[in-house]
Each structure stands twice: as C-alpha cells, then as structure tokens.
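Visitor: show me how the following folds:
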Amino acid sequence: LKDADVLHFIADVLYEYYKNKGITKIVGIESRGFILGSILAYKLGAGFILMRKPGKLPAHTYQEEYALEYGTDTLEIHKDALTKDDIVLLHDDLLATGGSANAALNLIQKTGAKNIYVNFLIELEFLKGMEKIDNDNVYSLLKFD
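Guide: So this is what the prediction gives:
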C-alpha cells in the first residue's frame, strides 16, 4: 500500500465491486482495516465505524472474545454504531484463521444490522478461515494457497 498507484488501483477495484450494493456503513477492524475501510467509505459515500481492541472506544460497547493460537483477544464496537436498516461492509486487510472476522461479524449482528457484506484484501486459503465465516457475501481480492 506504500505505492500510490497500487493503493489507488485497489481502492478503485473494491469501489467498483461494492458501488451498487447500497452500502451505508463500513466497519474497519483495528488497525489495518482502518486504511482501506476509510478510503472505501469516502468513495462509497458511507459512514465509517471503528471496531477496536478493548478500552479504546469512549461510549458503551458490545464485546466479543475470540481465540488466538496462544490465548484470546477481544474486539469492541459502539452499541449505537449501526442500525437494523444499515447495509454494512465489514473490511479487514487479512483473512487467516477467521477468528477475528467471525468475532467481528458477531459484534455487527449484536447491533441489529442484518445486511452484511465482508471484504478482505488478502485471504490465506490454506488456513481455512473462510470456513468459520457464516456469511454468503464474502469477497477476498487476493487469495493465496
């Protein structure tokens, strides 16, 4: 992403893929999901929502814990970040084992949002993270075996 031409190309490809989906909010997972997530929100005319590690959001939050190789981690989202009427695009840079992505989806569902798309810049297929994601609207730009 340090190359401006590559960044513009990726942003344009993702914009073209999602421009007719009616996206109203983009949720970016801390922290690399913030980079393209905010660019896509701007290009799509959508709001941008932060999904962060514990204790970093100022208001009341929902929390979701997920397993790591050695331990656990937690994600949070503001309780009032989304509504049932929002069309949400969850964005993160990488799909590996699917733990954080599945936790993020659970958090979005806790807010009441029902129409959810999921996007990853890179998917590591050999880790089978896609198997943990209970959503039919998932798109990975780059896939590696």
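Visitor: what ranges do the helices span in the chain?
Guide: Per DSSP state H, the chain carries helices over the ranges 4-18, 33-44, 99-110.
Visitor: buried residues, stretch 52-66. List them.
Guide: Arg52, Leu57, Thr61, Tyr62, Glu64, Tyr66 (16 or more other CB atoms under 10 Å). To be clear about C-beta, it is placed using only N, CA and C from the backbone, and glycine gets the same treatment.
Visitor: and the contacts of it?
Guide: 30, 50, 72-80, 99-100, 102-104, 106-107, 110-111 (CB atoms under 8 Å, 6 or more residues apart in numbering).
Visitor: one more: stretch 76-84?
Guide: 25, 27, 49-57, 59-64, 88, 107-108, 110-114.
Visitor: CA atoms of that stretch as PDB?
Guide: C-alpha atoms of stretch 76-84 as PDB (Å, rounded to 0.1, in the frame of the first residue of the first chain):
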ATOM      1  CA  GLU A  76     -15.500  -3.900  20.600                       C
ATOM      2  CA  ILE A  77     -18.000  -1.800  18.700                       C
ATOM      3  CA  HIS A  78     -20.200   1.000  20.000                       C
ATOM      4  CA  LYS A  79     -23.700  -0.200  20.800                       C
ATOM      5  CA  ASP A  80     -25.200   2.600  18.700                       C
ATOM      6  CA  ALA A  81     -22.800   2.300  15.800                       C
ATOM      7  CA  LEU A  82     -25.200   0.500  13.400                       C
ATOM      8  CA  THR A  83     -29.000   0.000  13.000                       C
ATOM      9  CA  LYS A  84     -31.100  -2.800  11.500                       C
END
